[in-house]
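>>> predicted model and sequence follow; I will ask about them next.
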Amino acid sequence: MFEKLEKYATHFSEQIKNECNHLDSVVVAGKILSIIPPITDDIKLLSSHYILELDDHVGTIFIFVSPMMKSNFDFIEVGNYLTFNGYVNVLLRKIKDDYKKDYSIVAFDAAVLDIKEAS
């Protein structure tokens, strides 16, 4: 499966965490594992977006998708293999005396991949 996804993705989840900076442009590909609906209507906040968990067969990464994008791309559903064009979002948090970086993607485009899982 990795070889199939490699044809479409510029980066995989672990590459993003190790090589990318905030606002880098990337294309990720994989299977949607879950979709969390928005928790607010304030469009200025990322919590107004859908949060998708994407499995790229290397690891997982969260993808933020606006309600408008979700309504225009009806194929954004759990179990589908998709590509997402977007920008890397890096959240830096201080936990006690340590800093932790959380990586996600803010998507602006998506496409369906014609990939079938091996049985």
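On my side now, so go ahead.
>>> burial count for K101?
10 (other C-beta atoms under 10 Å). (C-beta placed from N, C-alpha, C; glycine too.)
>>> which helix or strand contains it?
Using DSSP states H and E, K101 sits in strand 98-112.
>>> residues contacting that strand, please?
Here strand 98-112 makes contact (C-beta atoms under 8 Å, 6 or more residues apart in numbering) with 13, 16-17, 20, 26, 28, 46, 49, 61-65, 69, 73, 75-76, 80-94.
>>> residue closest to the middle of this structure?
I63 (2.6 Å; C-alpha atoms, centre = their mean).
>>> what pLDDT does the closest residue to it other than its chain neighbours get?
Closest residue in space to I63, ignoring its immediate chain neighbours: L52 at 4.3 Å, by C-beta to C-beta, 6 or more residues apart in numbering. For L52, the model assigns a pLDDT of 98.
>>> in contact with L52: list those residues for me.
I32, S34, I35, I36, F62, I63, F64, V65, I76.
>>> of those residues - the most surrounded one?
I63 (24 neighbours).
>>> that one should be in a strand, yeah?
Yes - counting by DSSP: H, G, I helix; E, B strand; the rest coil, I63 is found in a strand.
>>> low-confidence stretches in this structure?
117-119 (pLDDT under 70).
>>> run the last query once more with 50
Under the criterion pLDDT under 50, the flagged ranges of the chain are 119.
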